[in-house]
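A.B. asks: quick one: sequence plus predicted model below, questions after.
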Amino acid sequence: DAGVTQSPTHLIKTRGQQVTLRCSPKSGHDTVSWYQQALGQGPQFIFQYYEEEERQRGNFPDRFSGHQFPNYSSELNVNALLLGDSALYLCASSLPGSMNTEAFFGQGTRLTVV
Amino acid sequence: QKEVEQNSGPLSVPEGAIASLNCTYSDRGSQSFFWYRQYSGKSPELIMFIYSNGDKEDGRFTAQLNKASQYVSLLIRDSQPSDSATYLCAVDSYNFNKFYFGSGTKLNVKP
């Protein structure tokens, strides 16, 4: 059983460019959340997708957008990249919101903006 | 603003000792509490979760929750050098897997 998979694992982009990160959830999971983890910090919630809709959003600008496909996989798009967007981007999958659910993380995508 | 606070450490313990990691949270309505382990350069790995006041044990790990004090802790018994990592406390207020993370406590277990 494959866990949560993310691609690519590493990425280098230039300021002002756009980037797309991809995530396939764990088998049986239909909810995908995205987090940004800066060096030395805990992950910060970006947004969550369920049934192809953005269900919740954290305090991130509109430059951060996403999508969920019918097979539950998801994309995170970041436009007009800034140096401060350099971070580890984590995808977590889980079962639909209910009591006592666990979230499992993918290996992450390390984004470096130069 | 929901806050989750952890001592950044590093916390150093000798091999075989008990490591005690602590976390406080600001939202009194928080429902679910998770401990993740993160090795350097890797993604967080779920260790255990707790929802009810009291203790929950899983092998060498014990999570303790005190909702009245808004406090959750993780005890690691018989600490091993392989336990050396950053431990992240995560709080889910409404059970929708929207986690608020602390900044993590770095644990060093010395052989």
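C.D. replies: Received, thanks.
A.B. asks: check contacts around the residue nearest the centre of chain A.
C.D. replies: Geometric centre of chain A, nearest residue: A:W34, 3.0 Å, by C-alpha atoms, centre = their mean. Going by C-beta atoms under 8 Å, 6 or more residues apart in numbering or on different chains, A:W34 touches A:C23, A:F45, A:I46, A:F47, A:Q48, A:G66, A:S74, A:L76, A:Y89, A:L90, A:C91, A:A92. For the C-beta atoms, the positions are set from N, CA and C on the backbone; glycine is no exception.
A.B. asks: out of the residues you listed, which is most surrounded?
C.D. replies: A:C91 (29 neighbours; other C-beta atoms under 10 Å in any protein chain shown).
A.B. asks: test my guess that that residue contacts A:S7.
C.D. replies: No. Using C-beta atoms under 8 Å, A:C91 makes no contact with A:S7, being 10.0 Å away.
A.B. asks: what residue in chain B comes nearest to chain A?
C.D. replies: With C-beta to the nearest C-beta, the shortest gap between chain B and chain A falls at B:F101, namely 3.2 Å.
A.B. asks: identify the bridge partners of that residue.
C.D. replies: Beta bridges link B:F101 to B:A90 when assigned by DSSP bridges.
A.B. asks: list the contacts of it.
C.D. replies: By C-beta under 8 Å, 6+ apart, the neighbours of B:F101 are A:Y35, A:G42, A:P43, A:Q44, B:V4, B:L88, B:C89, B:A90.
A.B. asks: narrow those to those in strands?
C.D. replies: Judged by DSSP state E, the contacts of B:F101 include A:Y35, A:Q44, B:V4, B:L88, B:C89, B:A90 as members of strands.
A.B. asks: now these as JSON lines including pLDDT, neighbour count and distance to B:E57?
C.D. replies: Formatted as JSON lines, these follow (pLDDT from 0 to 100; neighbours: other C-beta atoms under 10 Å in any protein chain shown; distance: C-beta to C-beta, whole Å):
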{"residue": "A:Y35", "pLDDT": "97", "neighbour count": "26", "distance to B:E57": "28"}
{"residue": "A:Q44", "pLDDT": "96", "neighbour count": "18", "distance to B:E57": "31"}
{"residue": "B:V4", "pLDDT": "95", "neighbour count": "22", "distance to B:E57": "23"}
{"residue": "B:L88", "pLDDT": "97", "neighbour count": "27", "distance to B:E57": "20"}
{"residue": "B:C89", "pLDDT": "97", "neighbour count": "28", "distance to B:E57": "18"}
{"residue": "B:A90", "pLDDT": "94", "neighbour count": "26", "distance to B:E57": "19"}
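A.B. asks: which one of these sits closest to A:P70?
C.D. replies: A:Y35 (23.3 Å; C-beta to C-beta).
A.B. asks: get me the contact residues on chain A for chain B.
C.D. replies: A:31, A:33, A:35, A:40-45, A:48, A:55-56, A:58, A:88, A:90, A:92, A:94, A:97-108 (C-beta under 8 Å from any C-beta of the partner chain).
A.B. asks: show me how to select, in ChimeraX, the buried members of those.
C.D. replies: Restricted to buried positions by 16 or more other C-beta atoms under 10 Å in any protein chain shown, the ChimeraX selection for these reads:
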select /A:31,33,35,42,43,44,45,48,55,56,58,88,90,92,94,97,101,102,103,104,105,106,107,108
